[in-house]
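Enquirer: Sequence isn't available, so here's the structure alone:
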């Protein structure tokens, strides 16, 4: 006899530690609004269910994880649920008034290669297969291991789509990340056999990765991949960190991340066209004397704030960037940028550092995606 059965929408939630991060938070790393969420979790006992795929060290492909059971949303159970995934489900069920199931199969610190097969990765030129599958690597980083022990056991669930929150462990590998993410999404869709299932990813948040701009380059690669993967979208998180989180790779504003994933799904998957889900992105620039004027996609109704715009830099042919003054041009819905130190500008960057939160948004409150106009 089967009982307590819900029929609704099921999403596969994968990635590394920021997807894995539970509602209880990590040591010295809290989740904003977690207490209120836990207090109300019982109100969703007939609307949210979740199951977490257990991590094992055995690298042999497994077909099931029989010891785990589906959890009902209660204060006692939700404390161990992925915070991002739960906030996503909470928004989805409130809007659709349908039950939502979450299959959480994430592993902190995992590289994208471990979520792919050797056959798939071999199709990419320049990949060193032997190094990628070396037994000297731990399970979470070895080619194909998490595909075999985390993804394969859940491939028979009738998923509505995928949520992907990963990238930190591939910082420094941005040149190969675009194609690997595209091919991984293609592989997962093939395994489910349901066509181009929705694939929604989260941009890695600002974080101090050390010298250089490796974090910014990986975020750029994520955005490029989202434009290449059909039926996909990316959540921008540039504004979802506090200043003190510069050296904290697990920012606490997971509720907004989950909601923004839900906005993508509600707009693109469930056809709620009035729900904003697209982020302003750099489109074009023109140079007049010492000033650069910028235009953006998804900013048809203008940008804000009107004053004290933060995060812009400008450079001349010497490739030296200086902080720039950015001014909104409301009637043209553009941004003008200049610096007294750059008389002949040729390039502009916005929040293109490892850690540099910005505050520029469109009229629906969607933050501008960090960008650069150069290819230096």
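Expert: Received the coordinates, thanks. Computed from a predicted structure; not experimentally measured.
Enquirer: SS state for residue 285?
Expert: The assignment at residue 285 comes out as strand when based on DSSP: H, G, I helix; E, B strand; the rest coil.
Enquirer: That one contacts residue 374, doesn't it?
Expert: No: with contact defined as CB atoms under 8 Å, residue 285 and residue 374 do not form a contacting pair (10.5 Å). All C-beta atoms are positioned from the backbone trio N, CA, C, and that covers glycine.
Enquirer: what about those two, which has more around it?
Expert: Shown here are residue 285 and residue 374; by other CB atoms under 10 Å, residue 285 has more neighbours (17 against 12).
Enquirer: list the buried ones in stretch 64-78?
Expert: For stretch 64-78, the buried set under the neighbour-count rule, 16 or more other CB atoms under 10 Å, comprises 65, 71, 72, 73, 77, 78.
Enquirer: and if you look at stretch 127-137?
Expert: Neighbour-count burial for stretch 127-137 flags 127, 132, 133, 137 (criterion: 16+ other CB under 10 Å).
Enquirer: Spatially nearest residue to residue 224 (excluding sequence neighbours)?
Expert: In this structure, residue 224 finds its nearest non-sequential neighbour in residue 178, 5.0 Å apart by CB to CB, 6 or more residues apart in numbering.
Enquirer: May I have the secondary structure class of the one you found?
Expert: Classification of residue 178 by three-state DSSP places it in helix.
Enquirer: pretty sure residue 210 contacts residue 354?
Expert: Yes: counting by CB under 8 Å, residue 210 touches residue 354, with 7.3 Å between them.
Enquirer: can you pull the contacts of the residue nearest to residue 224?
Expert: 221, 224, 225, 228 (CB atoms under 8 Å, 6 or more residues apart in numbering).
Enquirer: Quick one, which of these are buried?
Expert: So, of the contacts of residue 178, 221, 224, 225 end up buried under the neighbour-count rule (16+ other CB under 10 Å).
Enquirer: from those residues, which is closest to residue 301?
Expert: residue 224 (25.7 Å; CB to CB).
Enquirer: Show the pLDDT at the closest one.
Expert: At residue 224 the predicted local confidence, pLDDT, stands at 98.
Enquirer: what do you get for residue 330?
Expert: Per-residue confidence (pLDDT) for residue 330: 94.
Enquirer: quick one: pLDDT of residue 67?
Expert: Predicted confidence (pLDDT) for residue 67: 74.
Enquirer: quick one: the strands in the stretch 1-150 of the chain?
Expert: Ranges of strands in the stretch 1-150 of the chain, per DSSP state E, counting those that start in this stretch, are 9-15, 48-52, 71-72, 100-106.
Enquirer: Paired strands for the second one, with orientation please.
Expert: Within its sheet, strand 48-52 is paired with strand 71-72 (antiparallel), strand 100-106 (parallel), according to DSSP bridges.
Enquirer: okay, the angle between it and strand 9-15?
Expert: With axes from the mean of the first three to the mean of the last three CA atoms, to 10 degrees as the criterion, the two stretches strand 48-52 and strand 9-15 enclose an angle of 40 degrees.
Enquirer: tell me the mean pLDDT for strand 48-52?
Expert: Mean pLDDT, computed over strand 48-52, is 97.
Enquirer: low-scoring pLDDT stretches of the stretch 51-200 of the chain, where are they?
Expert: Scanning the stretch 51-200 of the chain for pLDDT under 70 picks out no residues.
Enquirer: which residues touch the residue nearest the centre of the chain?
Expert: Centroid-nearest residue in the chain: residue 202, 0.6 Å away (criterion: CA atoms, centre = their mean). Neighbour list for residue 202: 15, 18, 19, 84, 163, 164, 165, 234, 235, 237, 257, 261 [criterion: CB under 8 Å, 6+ apart].
Enquirer: can I assume the second one is in contact with residue 85?
Expert: The one in question is residue 18. No: here residue 18 lies out of contact with residue 85, judged by CB under 8 Å, at a distance of 10.9 Å.
Enquirer: can you pull the contacts of the closest residue to residue 83 other than its chain neighbours?
Expert: Spatial nearest neighbour of residue 83, chain neighbours left out: residue 254 (4.1 Å); criterion: CB to CB, 6+ apart. By CB under 8 Å, 6+ apart, residue 254 lies in contact with 18, 21, 31, 32, 83, 84, 87.
Enquirer: What about those, which are in helices?
Expert: When helices are assigned by DSSP state H, the members of those inside them are 18, 83, 84, 87.
Enquirer: Counting neighbours, which of the residues you listed comes out on top?
Expert: Each of the ones in helices among the contacts of residue 254 was scored for neighbours by other CB under 10 Å, and residue 84 scores highest at 31 neighbours.
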